[in-house]
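> what follows is a protein structure lacking sequence information:
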C-alpha cells in the first residue's frame, strides 16, 4: 500500500514536477489468481487418478449361510413388475396389509425379497421402500447360490 507524502513548501501546496504517491484503494488479486490456477491444475491432475477402477480379487467367504426360518415370508417381484407375497399375486397398495397377515403383525420378522433378472434396480427399490414404509426393516435379498 502506498502513502501520500506531503510537501513542505512555503505555501504548503504542490510543487510543480513532483510526483505524488497516492494511496491505492484496490486489493492486489494477482497472487490470489496465481494460487487459484495452481490449485486448478492440481485438481485437474488428481481428479482422473481418483476415478481409476482398481482390480481387486476379493477372498471367498467360508461363512455358513444363515438358517432359514420355519416359515419364511417371500416377497417376489416378477418380470412383469407384479408383486407376490408367497404364491399370491397382490397389488402394491395391498402389500402392507398382506404382510401384516403373513407375519401376524410382527414387524421385526425378516422379509425375503427376490426379483427376476429383468426387473430394474429402480423397481426393486420401490418395493423395498414400500416394505420400509410398512415398518418392515429386516429385508434379506435372495439370490442363487453358486458355490461349488
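Nice, thanks for sending it over. Predicted model only: the values in this text are computed from it and were never measured. Numbers count the residues shown, from 1 in each chain.

> can you show me the helices along the protein?
30-50, 95-102, 121-133 (DSSP state H).

> where in the chain is pLDDT low?
Within the chain, the stretches with pLDDT under 70 are 1-19, 51-59, 61, 63, 145-148.

> how about the strands in it?
With DSSP state E as the criterion, the chain has strands at 73-77, 83-85, 88-90, 111-115, 139-141.

> would you turn these into JSON lines with mean neighbour count and distance to residue 30?
In this view, the C-beta of every residue, glycine as well, is placed from N, C-alpha and C. As requested, the strands of the chain are exported to JSON lines (neighbours: other C-beta atoms under 10 Å; distance: least, C-beta to C-beta, whole Å):
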{"stretch": "strand 73-77", "mean neighbour count": "20", "distance to residue 30": "61"}
{"stretch": "strand 83-85", "mean neighbour count": "19", "distance to residue 30": "64"}
{"stretch": "strand 88-90", "mean neighbour count": "13", "distance to residue 30": "69"}
{"stretch": "strand 111-115", "mean neighbour count": "19", "distance to residue 30": "60"}
{"stretch": "strand 139-141", "mean neighbour count": "13", "distance to residue 30": "58"}
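
> go through those strands and name the closest to residue 49.
strand 139-141 (33.5 Å; C-beta to C-beta).

> so which other helices or strands are in contact with that closest one?
strand 111-115, helix 121-133 (3 or more C-beta pairs under 8 Å, 6 or more residues apart in numbering; DSSP states H and E).
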